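Engineer: this is a predicted model, with the sequence first.
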Amino acid sequence: MPDTLLKVEHLKKVYESMTGNVEAIGDISFEMEPGELVCIVGPSGCGKTTLLKCIAGLLKPTAGRVQLDGKAVVAPPPSMALVFQEYGRSLYPWLTVRGNVELPLKHKKLSRAERDRLIDDALVAVGLEHSAKSYPWQLSGGMQQRVAIARAVAYQPEVLIMDEPFAAVDAQTRADLEDLVRALHRERGMSILFVTHDIDESVYLGERVIVLSKSPTWVQEDLAIDLAAERDQITTRALPRFTELRTHVYEQIQRAKRGEAVRPGATAA
Amino acid sequence: MRKVLLGVAGILGFLLTWQLIPTLGILDPRFFPTATDTLGRLAEDLRDLEFWRNIGRTMTTWAIGLAIATVLATVLGTIIGLVPFLRRATHTTVEFLRPIPSVALIPLAILMFGIQPQAALLIIVFASFWQVFVQVLYGVADVDAVARDTARSFGLSRGSRIVHLVFPTALPYLMTGIRLAATVALILAVTAEMFIGNPGLGRAIIFAQSAGDYVQVYALVITTGLLGLLVNLVFRFIERRSLSWHQSVRGDEVL
Amino acid sequence: MTLHTSTIVVPRSTARAWARFGENLGYAIGLPILLLVIWGVWASASPAAFFPSPLIIFDAFVDTWVGPAFVTDVLPSLGRLAVGIVLSVVLGVVAGTLIGLVRWLRELLEPMLEFFRAIPPPVLIPIVAVLLGPTDSMKITVIVAGSVWPVLLNTIDGVRSTDSVMTETAHSFALTPWERIRYLVLPAASPRIMAGTRQSLSIALILMVISEMFYSSSGLGYRIVYFQRNYLIAEMWSGILLLGLIGVLLAVIFGFVERRVLRWYHGIKEVERA
């Protein structure tokens, strides 16, 4: 296994429109190792979704490169899975829960038994083994997002990318889902890139937190989270270190919003 | 801009294909005249008073039929929609009568009225009535229960409830119904003229066909298409105006 | 974790259930029976030439259609109708999917499609009749030429309004184009496709009838006109009745298919209303 799983180099994205060009992403570089759980936070409107779409090969960057396993990403790579914020629009309502999880496996050359095993395993992992025959719209929002996660797990990606996946669910459900993500990472060793606007969430989940500046975006800070791997909603969040880290990230975001932080090597006139 | 250009290119491409099919002898030019011949004839027709009279006759039958159907359907639809007993009692009858293809009534209409306009009107009204009627039923049923209770709690009388609550709610549905009915009524107006024989564009098509004048048949078919397009655009515009405050545009259900 | 909204079955006494059944039945057949009785009384009180009593029409129905005429006239008509409908739906969905997915093609063809849709379908009959003669293929062509448009235009609309996140999901999992069409585009467009099909059914039935009425020497439409020209009034009415029954049958079959195909769609609507 190579040292670097995902490598983003000088990524830049400019949207061209009739009214003028908008520079969404200025210059973003970072790396991610196999088995890491990295969170990306930034002020709202800082181009987080644009960044993800470039990494996922859904959007063509204006400049810079994205590499997965040493190979340049130009189209959606088969070894990457996405979980979107809009679970209601990313699950297909005409398929059952099982059908949705099975969908991306259709063209993987697997035997029937092997495919069934992957689906069952993924449904158990997210605690939905009893809802396989339901339709997504019969489930609550949190459970729908579990289906989307199960779909990504069954796909067996090398890296799982989650775009503000819990922004639209209530706080209680959110805590459960956060623990689910931690469990997937810990027990299955999944590499996860998790984008959020929630500072607490990023510190609680991540082993590293990448703080983005406001648009045009660059990496303002790459912070290692030195909390124990075993985390718990109550005790971890009560730790003084947790509070310190959270406060630190919070201040960084505030600086980013005010545009105080200076881009390293910025040559803007 | 690009859209307009491509659209124009599409029309030109269609005309070119049309021109080439008889020219290359793929279809017999006697029965499938070229685009230039047909459009040339259409241009001649435009200077012919009888052509305009036929359009006038067709559109008059269309307008009368549509008006009768709309009034009947609005009145009956509102009454039946507001009274649950009537709604339940008429359900099966409506479900049986609605799918009857209106053209099945052509022989009956001929027996009853010969080639008088009433024969055509019978067909047109029967076909377009259901379009409006069903939409009005939906519209009246759509009146928000909360809004209805509010109106009742403020002691609005039955009459003013209908004016201030039922009518505004049902209006967009009514408009959708009228738009669908307008299209259907035009189809049936032309059909009736063709097969019952009351004067109008439809009969002119049959006359041209029996005279073997296929250029004229094509010119008239194009005319009916343009009329249909005009009716569609006008009624879609009216509907959109009346729907501007309404969140959804309902799907079509024709004939 | 609640999953399904299941209806709670309350044990009800059989007498109540029967009463309820009777009430529903009364509502369902009360008015039709009342109308038939009025018609019957009126027809026998003042015998109008064109409105024979329902009993006479019923007799004529049995005499005319139950027997060889069913095989020689009704079945061929129904066969042409079925072939016409199937061809319209297949053509409309295939072409509509292609046009809906390819933007330049859509913009190229849109004005022409709007025009074709606006042509009253029956005016195509004289044109197709002279090109193909009074054959089965003429009648089927007429049916397809008239009823393909609602399916086609609705499919285009349905395909192009496929949700962007659903499309991105398909891209991100690297679904093949065929898988995208099969599992995303067609199901997403299916409510519109079904709406278009519903319109096409009525147009197809109309075109079946009139293509036979005036350009045929057999078939249901031909029979009805024949009865009318020979003043066989009760027989003519029985033909109209049969067409009505076919219309109802088509609506029932369509309703059944639609409920199966769009079960998910109606389910969502129900959840939204609740």
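Structural biologist: Now that the structure is in, tell me what you want to look at.
Engineer: what does the stretch 101-250 of chain B put close to chain C?
Structural biologist: Within the stretch 101-250 of chain B, the residues that sit near chain C (C-beta under 8 Å from any C-beta of the partner chain) are B:101-108, B:110-112, B:183, B:186-187, B:190-191, B:194-195, B:202, B:205-206, B:209, B:214, B:217-218, B:220-221, B:224-229, B:231-232. (Each C-beta comes from the backbone N, C-alpha and C, glycine too.)
Engineer: what's the following helix or strand after the strand or helix carrying residue B:70?
Structural biologist: Using DSSP states H and E, residue B:70 sits within helix B:49-82. Next in sequence after helix B:49-82, counting helices and strands by DSSP H and E, comes helix B:84-97.
Engineer: which other helices and strands does that next one contact?
Structural biologist: helix B:49-82, helix B:117-141, helix C:14-45, helix C:233-261 (3 or more C-beta pairs under 8 Å, 6 or more residues apart in numbering or on different chains; DSSP states H and E).
Engineer: off-centre distance for the last one?
Structural biologist: Looking back up the chat, that one is helix C:233-261. In terms of C-alpha atoms, centre = their mean, to the nearest Å, the gap separating the centre of helix C:233-261 from the centre of its chain is 9 Å.
Engineer: can you check stretch A:155-173 too?
Structural biologist: The answer for stretch A:155-173 is 7 Å, by C-alpha atoms, centre = their mean.
Engineer: what average pLDDT does that stretch get?
Structural biologist: Per-residue pLDDT over stretch A:155-173 has a mean of 88.
Engineer: any idea how far the residue nearest to the spatial centre of chain B is from residue C:247?
Structural biologist: In chain B, the residue lying closest to the centroid (C-alpha atoms, centre = their mean) is residue B:183, at 1.9 Å. From residue B:183 over to residue C:247 the distance is 19 Å, taken as C-beta to C-beta, to the nearest Å.
Engineer: quick check: residues of the stretch 151-274 of chain C near chain A?
Structural biologist: C:163-166, C:168-169, C:171-176, C:179, C:183-184, C:187-188, C:190, C:264-265, C:267-268, C:271.
Engineer: out of these, which end up buried?
Structural biologist: For these, a burial check counting by 16 or more other C-beta atoms under 10 Å in any protein chain shown picks out C:163, C:165-166, C:168-169, C:171-175, C:179, C:183-184, C:187-188, C:190, C:264-265, C:267-268.
Engineer: wait, doesn't residue C:100 sit right on residue C:106?
Structural biologist: Yes. Residue C:100 lies in contact with residue C:106 (C-beta atoms under 8 Å); the separation is 6.6 Å.
Engineer: list residues touching both of the two?
Structural biologist: Listed as contacting both residue C:100 and residue C:106 by C-beta atoms under 8 Å, 6 or more residues apart in numbering or on different chains are C:156, C:160.
Engineer: before we move on, back to that, mind checking which of the buried ones among the residues of the stretch 151-274 of chain C next to chain A are in helices?
Structural biologist: C:165-166, C:168-169, C:171-172, C:179, C:187-188, C:190, C:264-265, C:267-268 (DSSP state H).
Engineer: any chance of the residues you listed in CSV, with distance to residue A:188 too?
Structural biologist: Below are these laid out as CSV (distance: C-beta to C-beta, whole Å):
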residue, distance to residue A:188
C:165, 26
C:166, 27
C:168, 25
C:169, 22
C:171, 25
C:172, 20
C:179, 26
C:187, 31
C:188, 32
C:190, 36
C:264, 31
C:265, 36
C:267, 33
C:268, 33
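Engineer: okay if I get these as CSV plus pLDDT and distance to residue A:30?
Structural biologist: Converted to CSV, these look like this (pLDDT from 0 to 100; distance: C-beta to C-beta, whole Å):
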residue, pLDDT, distance to residue A:30
C:165, 89, 26
C:166, 92, 30
C:168, 89, 23
C:169, 90, 25
C:171, 88, 24
C:172, 87, 20
C:179, 91, 33
C:187, 95, 38
C:188, 93, 36
C:190, 94, 43
C:264, 91, 41
C:265, 91, 43
C:267, 89, 43
C:268, 88, 40
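Engineer: closest to residue A:14 out of those?
Structural biologist: Within these, the smallest distance to residue A:14 is 20.5 Å, found for residue C:168 (C-beta to C-beta).
Engineer: pull the contacting residues for that closest one.
Structural biologist: With C-beta under 8 Å, 6+ apart, residue C:168 has these contacts: A:53, A:58, A:82, A:84, A:90.
Engineer: more neighbours: residue C:100 and residue C:106, which one.
Structural biologist: A count of neighbours by other C-beta atoms under 10 Å in any protein chain shown puts residue C:100 above the other of residue C:100 and residue C:106, at 24 against 20.
Engineer: okay, buried residues for stretch B:105-121 please.
Structural biologist: Those would be B:105-113, B:115, B:117, B:119-121, for stretch B:105-121 by 16+ other C-beta under 10 Å.
Engineer: can I get the CA coordinates of that stretch in CSV?
Structural biologist: Output of stretch B:105-121 as CSV, limited to C-alpha atoms (Å, rounded to 0.1, in the frame of the first residue of the first chain):
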residue,chain,number,x,y,z
LEU,B,105,-71.1,9.2,-30.8
ILE,B,106,-70.6,10.4,-34.4
PRO,B,107,-73.2,8.0,-35.9
LEU,B,108,-75.7,9.0,-33.2
ALA,B,109,-75.0,12.7,-33.9
ILE,B,110,-75.6,12.1,-37.6
LEU,B,111,-78.9,10.4,-37.0
MET,B,112,-80.1,13.1,-34.6
PHE,B,113,-78.9,16.3,-36.4
GLY,B,114,-77.7,15.3,-39.9
ILE,B,115,-74.9,17.7,-41.0
GLN,B,116,-76.1,20.6,-38.8
PRO,B,117,-73.6,22.2,-36.5
GLN,B,118,-75.5,20.6,-33.5
ALA,B,119,-74.1,17.3,-34.6
ALA,B,120,-70.5,18.6,-34.3
LEU,B,121,-71.3,20.3,-31.0
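Engineer: quick one: secondary structure of residue 134?
Structural biologist: Picking chain A for this. With DSSP: H, G, I helix; E, B strand; the rest coil as the basis, the three-state label of residue A:134 is coil.
Engineer: sorry, should have said chain C
Structural biologist: Under three-state DSSP, residue C:134 comes out as coil.
Engineer: so what pLDDT did whichever residue of chain B sits closest to chain A get?
Structural biologist: Here the residue of chain B nearest chain A is residue B:1; by C-beta to the nearest C-beta that distance is 11.7 Å. We note a pLDDT of 77 for residue B:1 in this prediction.
Engineer: next one: residue A:239
Structural biologist: Confidence for residue A:239, expressed as pLDDT, is 89.
Engineer: domain ranges for the chain?
Structural biologist: This is for chain A. A:1-79+A:159-247, A:87-156 (automatic domain parsing).
Engineer: sorry, I should have been clearer: chain C.
Structural biologist: According to automatic domain parsing, the domains of chain C span C:13-48, C:54-273.
Engineer: follow-up on the earlier one: got the buried residues for the helix holding residue B:70?
Structural biologist: Buried residues in helix B:49-82 (16+ other C-beta under 10 Å): B:51, B:54-55, B:57-59, B:61-62, B:64-66, B:68-70, B:73-74, B:76-78, B:80-82.
Engineer: gap between that helix and the chain center?
Structural biologist: The answer for helix B:49-82 is 9 Å, by C-alpha atoms, centre = their mean.
Engineer: elements contacting it?
Structural biologist: By 3+ C-beta pairs under 8 Å, 6+ apart, helix B:49-82 packs against helix B:84-97, helix B:117-141, helix B:167-195, helix B:201-210, helix B:214-243.
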